[in-house]
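> Mind folding the following:
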Amino acid sequence: MPLRPLVDLHTHSTCSDGALAPADLVERARKRGLAGLALTDHDTVQGYEAARAAGVEHGIEVFPGVELSVRIERRVVHLLGYFFDPNDAALRDFLGGYTTLRMDRASAIVDRLRQRGLELALEDVVEIAGEGIVGRPHIARAMVRNRLAGSPEEAFSRYLHDAGPAYVPIACPPARDALEALHRAGGIGVLAHPGHWTSDREIRALKNDGLDGVETIHPSHDTSLIEYYRRLARTLGLVETGGSDFHGHKPADDRRLGRLGTSPEALERARAACIS
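Reported below is the predicted structural model:
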């Protein structure tokens with residue numbers, strides 16, 4: 001019996017740090033045999049309408065989505081938001097705050113690079129980001145363009161990684177605030193790629209803050225982690241989602257697209273959480 005097509009609930013476009021425009025991403029997903037996808041760009045829903053229109057053209061369902069940087073205690077984690085009204089005014093205002101936060105962070109990172117003798121203009125970073133929200137990958141590419149690094153990977157490994165000399169944490173809002181914004185807009189919030197570094201205690205605290213689900217299937221999760229988070233999700237009454245975290249910059253991204261995702265049954269449980 002053939003497997004039913006998956007829905008990829010974790011993808012990125014040029015509106016944040018992906019390589020493909022929203023419409024091109026949807027076309028690629030159709031060619032990979034996906035039944036649907038959520039465009040989950042970082043801190044923005046700018047690409048949703050273009051992706052939705054492409055979905056109508058190619059016969060593939062596109063769901064509203066977003067990936068938000070949020071704070072739990074002293075740590076930053078990512079939340080995936082789904083099925084909300086992308087035109088909700090309050091949510092749009094909430095997301096607008098991230099644009100300012102990310103621009104301020106990019107400016108601070110550029111200042112730290114300059115302090116180390118690496119002259120980089122913020123305007124170069126903004127030009128590379130285009131209409132997308134500014135992130136560290138854009139800074140890395142600007143560094144390569146200005147011959148300050150041989151590759152984006154080198155820029156990250158030497159300067160931009162989480163403990164790097166030019167790293168600046170994003171001053172993101174508490175998880176509770178993000179979850180409330182998603183819920184008010186009719187959506188749900190799911191903890192993204194918890195990996196080995198998110199404790200049961202933190203997930204239970206997020207559940208108390210309104211967390212609806214856990215991304216159990218992700219490229220960084222091996223079989224044992226998938227099973228671990230599935231058991232935890234069942235224990236806490238959380239829905240499960242999965243996705244490829246597609247960015248499109250590396251061959252491995254293409255290999256994962258169409259292979260990692262959410263089953264039709266899990267998708268329906270996640271959608272039902274919006275109205276339960």
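> mean confidence for stretch 70-88?
The average pLDDT within stretch 70-88 is 94.
> Any buried residues in that stretch, and which?
Neighbour-count burial for stretch 70-88, counted by 16 or more other CB atoms under 10 Å, picks out 70-72, 77-84, 86, 88. (C-beta placed from N, C-alpha, C; glycine too.)
> most centrally placed residue in this protein?
The centre of the chain sits closest to Glu67, judged by CA atoms, centre = their mean, with a distance of 3.6 Å.
> helix or strand for it, which one?
Assigned by DSSP states H and E, Glu67 falls within strand 61-72.
> Send me that strand as PDB with only the CA atoms.
Taking Å, rounded to 0.1, in the frame of the first residue of the first chain, the C-alpha atoms of strand 61-72 are listed here in PDB:
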ATOM      1  CA  GLU A  61      -2.300  23.300   0.200                       C
ATOM      2  CA  VAL A  62      -0.300  26.100   1.900                       C
ATOM      3  CA  PHE A  63      -0.900  26.900   5.600                       C
ATOM      4  CA  PRO A  64      -0.100  30.100   7.400                       C
ATOM      5  CA  GLY A  65       3.000  29.600   9.500                       C
ATOM      6  CA  VAL A  66       5.800  31.400  11.200                       C
ATOM      7  CA  GLU A  67       8.900  30.600  13.300                       C
ATOM      8  CA  LEU A  68       9.400  32.900  16.300                       C
ATOM      9  CA  SER A  69      12.400  33.400  18.500                       C
ATOM     10  CA  VAL A  70      11.100  33.600  22.100                       C
ATOM     11  CA  ARG A  71      12.600  33.600  25.600                       C
ATOM     12  CA  ILE A  72      12.100  31.000  28.300                       C
END
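> Which strands and helices lie in contact with it?
Here strand 61-72 touches strand 7-11, strand 36-39, helix 48-58, strand 75-82, helix 89-115, helix 175-184, helix 200-208, going by 3 or more CB pairs under 8 Å, 6 or more residues apart in numbering; DSSP states H and E.
> how near is Pro264 to Val7?
Between Pro264 and Val7 the computed distance is 7 Å (CB to CB, to the nearest Å).
> Of these two, give the one with the bigger neighbour count.
Set Pro264 next to Val7 and count neighbours by other CB atoms under 10 Å: Val7 wins out with 25 against 13.
> hey, what's that one bridged with?
Counting by DSSP bridges, Val7 forms beta bridges with Gly36, Thr262.
> Quickly note the distance from it to Leu37.
Distance check for Val7 against Leu37: by CB to CB, it reads 6 Å.
> Can you pull the residues that touch both of the two?
61, 63 (CB atoms under 8 Å, 6 or more residues apart in numbering).
> Out of the helices and strands in the protein, which is least certain?
Every helix and strand in the chain was compared by mean pLDDT, DSSP states H and E; the lowest is helix 251-256, with a mean of 87.
> Going C-terminal from that one, what's the next secondary structure element?
In N-to-C order, the element after helix 251-256 by DSSP H and E is helix 264-272.
> Please identify the buried residues of that following helix?
Using 16+ other CB under 10 Å as the test for burial, helix 264-272 gives 266-267, 269-270.
> Out of the residues you listed, the closest to Leu113 would be?
Distance to Leu113, by CB to CB, is smallest for Ala270 among those, at 40.7 Å.
> hmm, back to that, out of the buried residues of helix 264-272, which two are the most distant from each other?
Leu267 and Arg269 (7.3 Å).
> pLDDT score assigned to Ala129?
88.
> actually Pro169, sorry about that
For Pro169, the pLDDT comes out at 89.
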